[in-house]
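Q: dropping the sequence and predicted coords here.
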Amino acid sequence: MAGCASVATEPGRYGVAEGAGDPATTPYEKLDQEVVGQLLELRRRMDQPLASEEQIRNFTGADADVYRLGPGDEFSLLVRGREDVSVPLVTVSPDGLVSLPRIGLVKIQGMSIPEATDYVRKALEPYYEAPEVTLLMRSFKNNKILMLGQVANPGIIHIPTSATLLEAIAMAGGVVKDTQGNSPPINRCIIGRGKDRVIWIDLRDLIENGNLALNARLQNGDVVLIPQGQASVAYVLGEVRNQGTLLLRSPMTVLDALTQSGGLTKDADVARIYLVRAEGEAGLVERIDLANLVERADLRKNYTLREGDLVFVAERGISNFHYYLSRLLPTISVMNLTNP
């Protein structure tokens with residue numbers, strides 16, 4: 001079935017494209033109308049939504065450029081005219097503490113440089129009149145970002161203050177190249193912060209189009225993952241022999257996708273194959289009759305797939321469509337985790 005020369009490229013909105021007529025005129029069409037919403041919801045669950053510019057601004061936070069002291073940082077403590085309490089080199093211990101003359105142990109971890117300076121000044125006021133305190137950084141060791149995936153030098157990166165995503169990629173040696181010196185396709189990356197904050201960044205728009213609104217500012221402890229081997233993908237689910245993800249390295253049609261998925265199972269309904277495409281809020285769902293494609297050589301609905309398209313093959317004689325779709329959710333969860 002693969003390699004057909006004459007193919008369509010654009011499905012229409014369900015029930016109005018290709019002269020479909022009244023969607024309620026046949027039992028099949030009536031059932032289709034009942035499941036279109038469920039198919040679109042299924043498609044949405046498979047998406048890893050890319051962060052909007054507003055979400056990236058909120059993720060960055062108002063104090064992204066404020067450096068917070070922490071373990072490993074080194075600084076000089078200078079008190080004008082008071083050599084007895086000035087210290088040429090202070091190192092923050094692994095538990096975030098420092099020992100200062102007259103003051104003793106101080107939990108300095110998490111303080112900004114102005115906050116630490118003000119703390120020391122107030123702590124010395126009982127001993128000295130209007131002490132002039134300067135905290136001079138010698139070495140920034142606390143701010144760390146973990147870079148993983150498709151970069152030349154994955155691992156921990158130390159940054160003096162916050163860094164942008166592009167700066168972090170550059171500090172990690174840039175995107176790793178193949179043996180011919182070419183950069184592989186990079187579509188997106190993940191930034192994780194803390195236990196429950198994760199956003200997906202559209203790297204293609206950031207790098208190729210220069211959309212700097214997507215250049216998120218990173219913070220201490222962030223994890224950046226650029227997944228290996230990214231490529232455009234489509235999905236084939238339902239009554240095919242091998243459900244899963246298909247890499248779109250070259251133009252691929254609906255028939256190509258069904259063939260590469262091992263063909264239909266004996267329970268497949270050849271008259272009810274769906275192409276589901278995310279487009280705006282509503283999305284598109286197109287029903288395809290395989291008999292028209294193959295037996296009658298009607299290739300008008302042998303659409304060329306786009307990134308993220310879902311080809312779904314319904315089960316013959318099924319009555320509870322919602323139950324059938326719910327059985328696919330574990331498969332979709334695995335596909336989300338392994339999506340290139």
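A: Perfect, thanks for sending it.
Q: what stretches of the stretch 1-150 of the chain score poorly on pLDDT?
A: Across the stretch 1-150 of the chain, residues meeting the criterion (pLDDT under 70) sit at 1-36, 41-48, 62, 64.
Q: 80 instead?
A: 1-49, 61-65 (pLDDT under 80).
Q: the strands in it, which residues?
A: Here the stretch 1-150 of the chain has its strands, by DSSP state E, counting those that start in this stretch, at 74-79, 87-91, 97-100, 104-107, 133-139, 144-149.
Q: now render the ones you listed as JSON lines, adding distance to residue 265 and mean neighbour count.
A: Placement of C-beta: from N, CA and C, glycine included. Formatted as JSON lines, the strands of the stretch 1-150 of the chain follow (distance: least, C-beta to C-beta, whole Å; neighbours: other C-beta atoms under 10 Å):
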{"stretch": "strand 74-79", "distance to residue 265": "65", "mean neighbour count": "18"}
{"stretch": "strand 87-91", "distance to residue 265": "66", "mean neighbour count": "13"}
{"stretch": "strand 97-100", "distance to residue 265": "65", "mean neighbour count": "16"}
{"stretch": "strand 104-107", "distance to residue 265": "64", "mean neighbour count": "13"}
{"stretch": "strand 133-139", "distance to residue 265": "63", "mean neighbour count": "15"}
{"stretch": "strand 144-149", "distance to residue 265": "36", "mean neighbour count": "19"}
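Q: how is this protein divided into domains?
A: Following automatic domain parsing, one gets these domains for the chain: 17-47+232-338, 53-64+143-226, 74-139.
Q: regarding this protein, what is its longest strand?
A: Across the chain, the longest stretch assigned as strand under DSSP state E is strand 268-277.
Q: mean confidence (pLDDT) on that strand, please.
A: When pLDDT is averaged over strand 268-277, the result is 89.
Q: does the nearest residue to residue 55 once chain neighbours are set aside lie in a helix or a strand, and which?
A: In space, residue 55 comes closest to residue 199 once its chain neighbours are excluded; the distance is 6.4 Å by C-beta to C-beta, 6 or more residues apart in numbering. If you go by DSSP states H and E, residue 199 is part of strand 197-202.
Q: keeping just the C-alphas, turn that strand into CSV.
A: Extracted in CSV, the C-alpha atoms of strand 197-202 (Å, rounded to 0.1, in the frame of the first residue of the first chain):
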residue,chain,number,x,y,z
ARG,A,197,7.1,22.4,37.8
VAL,A,198,7.8,21.4,34.2
ILE,A,199,7.5,23.4,30.9
TRP,A,200,8.2,22.4,27.3
ILE,A,201,10.1,25.0,25.2
ASP,A,202,9.7,25.4,21.5
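Q: buried residues, that strand. List them.
A: Of all the residues in strand 197-202, those buried under the rule 16 or more other C-beta atoms under 10 Å are 199-202.
Q: nearest the geometric middle of this protein, what residue?
A: Geometric centre of the chain, nearest residue: residue 200, 2.6 Å, by C-alpha atoms, centre = their mean.
Q: quick one: stretch 147-167 to chain centroid distance?
A: 16 Å (C-alpha atoms, centre = their mean, to the nearest Å).
Q: and stretch 210-217, end to end?
A: End-to-end span of stretch 210-217 (C-alpha to C-alpha, to the nearest Å): 16 Å.
Q: show me where the stretch 151-300 of the chain has its helices.
A: Using DSSP state H, counting those that start in this stretch, the helices of the stretch 151-300 of the chain run over residues 165-171, 203-208, 254-260, 290-294.
Q: which of those comes out lowest on mean pLDDT?
A: Minimum mean pLDDT among the helices of the stretch 151-300 of the chain: helix 290-294, a mean of 85.
Q: quick check: the gap between the most far-flung residue of the chain relative to its centre and residue 123.
A: Most distant from the centre of the chain: residue 129, at 54.5 Å, with distances by C-alpha atoms, centre = their mean. Remark: distance between residue 129 and residue 123 (C-beta to C-beta, to the nearest Å) = 14 Å.
Q: equivalent analysis for residue 284, please.
A: Residue 284 is 66 Å from residue 123, by C-beta to C-beta.
Q: neighbour count: these two, which is higher?
A: Applying other C-beta atoms under 10 Å to residue 284 and residue 123 shows that residue 284 carries more neighbours, namely 20 against 16.
Q: leaving out chain neighbours, which residue sits closest to that one?
A: residue 277 (4.4 Å).
Q: for residue 305, see how far away the one you found is.
A: Separation of residue 277 from residue 305 (C-beta to C-beta): 9 Å.
Q: again with residue 138
A: Between residue 138 and residue 305 the distance is 57 Å, computed by C-beta to C-beta.
Q: now do residue 284 against residue 204, distance only.
A: 22 Å.
Q: quick one: average pLDDT of the helix or strand harbouring residue 314?
A: Assigned by DSSP H and E, residue 314 belongs to strand 310-315. The pLDDT scores in strand 310-315 average 88.
Q: neighbouring strands of that strand in the sheet, and parallel or not?
A: Using DSSP bridges, strand 310-315 pairs in its sheet with strand 233-238 (parallel), strand 268-277 (antiparallel).
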